[in-house]
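Visitor: sequence? don't have it. structure:
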Ligand code: COA
């Protein structure tokens, strides 16, 4: 407790001097602070570091396996829970070998795509840095954040879309600490078509805002955008979840007392202008930032008048005349420093730094690559996976003997208590009832839920009245589980470890059930039906589904492509693909972020901050 108070005090003292001094006081050396920040040798960190590929023999020795690398730290939490047996047996070797080969291929592809998504045209970088004298988006983030620890979301968004590959969807989104507070950062990348908003850019903004709202994260927008990407205006402008929703959300979030801060660090054209205009507080960088609905070329075309960017919407106009901006800075560095000053005034509780003791799993998380199922036939008991994710591999299983195709129970992940709901086969009638019961328990106790989703592809149609009765009962129980999850007001994290097929996935808190975070392993498959079923005898003899073999084959190929984890992530159906062996870190990070809102005082929706 005292340690905590002292640490906070030290933090406060260390940060107070960062407010600007009034005229007359010696100027604070921004340069020295900048040097500290820029000296990061490590780039902004994505929680998906390259894997070390190992052979199956590294994972499986005769019979029992390793407690390799499992350090034992003093844990106050999980001593009492029973230990799971996570031993991989010799007879499971065929499956783990197939899984490992598949995982390695998927991971390889994932890393290639990640590399591609970070590439930019040299021409665009030169235009951005030399012609406009601006910093690149990752450099900007580094200046806002306390350190290089940036939990980047959906880095594959925008890959191979029908309208082309839009690197990183034209903007970076992610969570990092600013003055000790977890914040959501949304930053346009103007090296991607002048930062214009594609449909996928809008979607990425909206998802980041949704995460910020669910987790009550102050949100910082670094705006550098040419507005809508005009050729796709019909997919950006008219509908309810198109561009205008970003501005709507800023107002609603502000009214919920989730602070909204914007920095105009480049062009802010057309719709983009409303981001700083609606935000609670806004900063503009002199001679670099500008805001207007229509730029000088449009004015010239409409009126024949020549007008400069500065006259039309520069820092002077917005800070002295329109009042649309609250602070002007003369450099980018100063603007990000000012952003940090604003965050310091938010009175958000800094998350507790009290160290929590926990044990590492008894089995190495590296082995998860061999357990990530290649397909449903390659799925092993999900407890093998759990034993590599949770503290000390200790698990308080709930209803162990009932509805065993779903595993439920309590465990800790890096000291955070979670309720685990893990697929272990078909989501049967009993499994669904058990799932509903357990979710209710967690809801009553306010314990966050972690779903490990590996649902079964639908392979057979109903062929007898007895089967129909069985399916009817199951459907009813699944609906009960869906309703329970939909209304459970506890944080939810979903990790797709294998198949994400059809109906079962709704009951396991798939995307439409609004988890706070949803991640995929690279081997994951996301589709209504498994493409393999189209090439086998599924639907054979179904008179309503008359499709010749070649049409079925083509549909199968289409489904195969559309069900890959990368296809999903490119479209933002998830918050990113993560490496199996990094899952524990990612889950723990999410739980830490979620925890920040515990100390916050909730109030009914009020008026947003308004700029009169
Ligand atoms: N829609 C489609 N493409 C756009 C665009 C828009 N709104 N704005 C810019 N682009 C494209 C440019 O054609 C160029 O494409 P290219 O790389 O294939 O040559 C690329 O984005 C970069 O634009 P460029 O003008 O060369 O870069 P810049 O950094 O000097 O300027 C802007 C960027 C955004 C300030 C400038 O392009 C601009 O003013 N665009 C018009 C913005 C506008 O009127 N928006 C209204 C939307 S409703």
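Guide: Looks like it came in fine. The structure presented is a predicted model; accordingly, all values stated were derived computationally and were not measured.

Visitor: look up how far residue 518 lies from the residue in the stretch 401-550 of the chain that the ligand sits nearest to.
Guide: Per Cβ to the nearest ligand atom, residue 511 is where the stretch 401-550 of the chain lies closest to the ligand, at 29.4 Å. (Glycine included, C-beta is placed from N, CA and C.) According to Cβ to Cβ, to the nearest Å, residue 511 stands 6 Å off from residue 518.

Visitor: overlap in contacts of those two?
Guide: Here residue 511 and residue 518 have 494, 574 as joint contacts, going by Cβ atoms under 8 Å, 6 or more residues apart in numbering.

Visitor: these two: which is more packed in?
Guide: residue 518 (24 against 18; other Cβ atoms under 10 Å).

Visitor: which element is the more buried one on?
Guide: Taking DSSP states H and E as the definition, one finds residue 518 inside strand 517-520.

Visitor: packing partners for that strand?
Guide: Counting contacts by 3 or more Cβ pairs under 8 Å, 6 or more residues apart in numbering; DSSP states H and E, strand 517-520 is packed against strand 492-496, helix 565-570, helix 583-595.

Visitor: between those, which gets nearest to the ligand?
Guide: Among the helices and strands packed on strand 517-520, helix 565-570 comes nearest to the ligand, with 20.5 Å by Cβ to the nearest ligand atom.

Visitor: tell me the helices and strands packed up against that closest one.
Guide: Using 3+ Cβ pairs under 8 Å, 6+ apart, the elements in contact with helix 565-570 are helix 93-118, strand 517-520, strand 525-527.

Visitor: burial count for the residue of the stretch 151-300 of the chain at minimum distance from the ligand?
Guide: For the stretch 151-300 of the chain, the nearest residue to the ligand under the criterion Cβ to the nearest ligand atom is residue 226, separated by 2.5 Å. For residue 226, the number of neighbouring residues by other Cβ under 10 Å comes to 20.

Visitor: surely it touches residue 196?
Guide: Yes. Using Cβ atoms under 8 Å, residue 226 makes contact with residue 196 at a distance of 4.3 Å.

Visitor: how much space between residue 99 and the ligand?
Guide: 43 Å (Cβ to the nearest ligand atom, to the nearest Å).

Visitor: just the pLDDT for that residue.
Guide: Listed pLDDT for residue 99 reads 96.

Visitor: repeat for residue 533
Guide: On pLDDT, residue 533 comes in at 70.

Visitor: pretty sure it belongs to a helix, no?
Guide: Yes. Under DSSP: H, G, I helix; E, B strand; the rest coil, residue 533 falls within a helix.

Visitor: show me the helices in the stretch 51-200 of the chain, by range?
Guide: Taking DSSP state H, counting those that start in this stretch, the helices of the stretch 51-200 of the chain run over residues 56-59, 93-118, 122-126, 137-144, 199-215.

Visitor: and the angle from the host helix or strand of residue 451 to helix 583-595?
Guide: Following DSSP H and E, the helix or strand that holds residue 451 is strand 449-453. Counting by axes from the mean of the first three to the mean of the last three Cα atoms, to 10 degrees, strand 449-453 lies at 150 degrees to helix 583-595.

Visitor: give me the contacts around strand 449-453.
Guide: Contacts of strand 449-453 (Cβ under 8 Å, 6+ apart): 382, 385-386, 413, 418-423, 439, 442, 485, 488, 490-498, 500, 505, 508-510, 515, 587.

Visitor: domain ranges for the protein, per the record?
Guide: Per the TED database, the structural domains of the chain span 123-345, 366-598.

Visitor: the longest strand along the chain and the ligand, any residue contact?
Guide: When the chain is parsed with DSSP state E, its longest strand is strand 260-269. Yes. Strand 260-269 lies within reach of the ligand by Cβ under 6 Å from any ligand atom, at 267, 269.
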